[in-house]
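>>> quick check, what structure comes out for this input:
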Amino acid sequence: MDEARLQGIPLFAELGKSERRLVARNADEVELEPGDSLCREGELAWEFLVIEEGSAKVVRGDQYLNELGPGDFLGEIGLIEGTARNATVTALSPIRAIVMTGHAFRRICNEMPSVGKQIRAAIEERRHWLEPLS
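I've put the predicted structure just below:
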């Protein structure tokens, strides 16, 4: 993956060139079609994804929770907390996404405080979506 493209993604925008290079070495890109699942509720969390292009819907049970688009990420709760996926995320349009294994994701969060801080803030925000359903 090209580290220069990471500069346009809010989660990685504040990183220096050497930090973006480390992220790029630990990430791959995937392309998904409309209807493809990015993750499924109840499955074990193995990876973290950041949407570069496209949009996806987030559903828990049969309740719509949110729509995600460029710059949004998913998979952090299951990886940080070691729990199953708490929602299903399905592509609404063609998607290009950055994907990291759980191991690489945890390493990036630990070594790059600005990324870890944004991830923790997102987890707190997402808890508000999920609370009524718990």
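>>> count the residues that sit near Glu67.
Around Glu67 there are 12 other residues, counting by other C-beta atoms under 10 Å. Every C-beta, even on glycine, is put in place using the N, C-alpha and C of the backbone.
>>> where's it relative to Phe73, distance?
When C-beta to C-beta, to the nearest Å is applied, the distance between Glu67 and Phe73 equals 14 Å.
>>> where does the prediction get shaky in this protein?
Applying pLDDT under 70 to the chain flags the ranges 126-134.
>>> which other residues reach the longest helix seen in it?
As far as residue count goes, and with DSSP state H defining each element, the longest helix of the chain is helix 113-130. Contact partners of helix 113-130, identified using C-beta atoms under 8 Å, 6 or more residues apart in numbering, comprise 10-12, 14-15, 58, 60, 65-66, 73, 76-77, 80, 86-87, 108-110.
>>> any of those residues buried? List them.
The neighbour-count criterion (16 or more other C-beta atoms under 10 Å) marks 11-12, 15, 58, 60, 65, 73, 76-77, 80, 86-87, 108-109 among the contacts of helix 113-130 as buried.
>>> touching, Val99 and Glu29? I think so.
Yes. At 7.2 Å, Val99 and Glu29 qualify as touching, with contact defined as C-beta atoms under 8 Å.
>>> so which of those two has more stuff around it?
Val99 (18 against 13).
>>> sheet-wise, list the partners of whichever helix or strand that one is part of with their directions.
Element membership of Val99 [criterion: DSSP states H and E] is strand 95-101. According to DSSP bridges, strand 95-101 forms sheet pairs with strand 28-32 (antiparallel), strand 47-53 (antiparallel).
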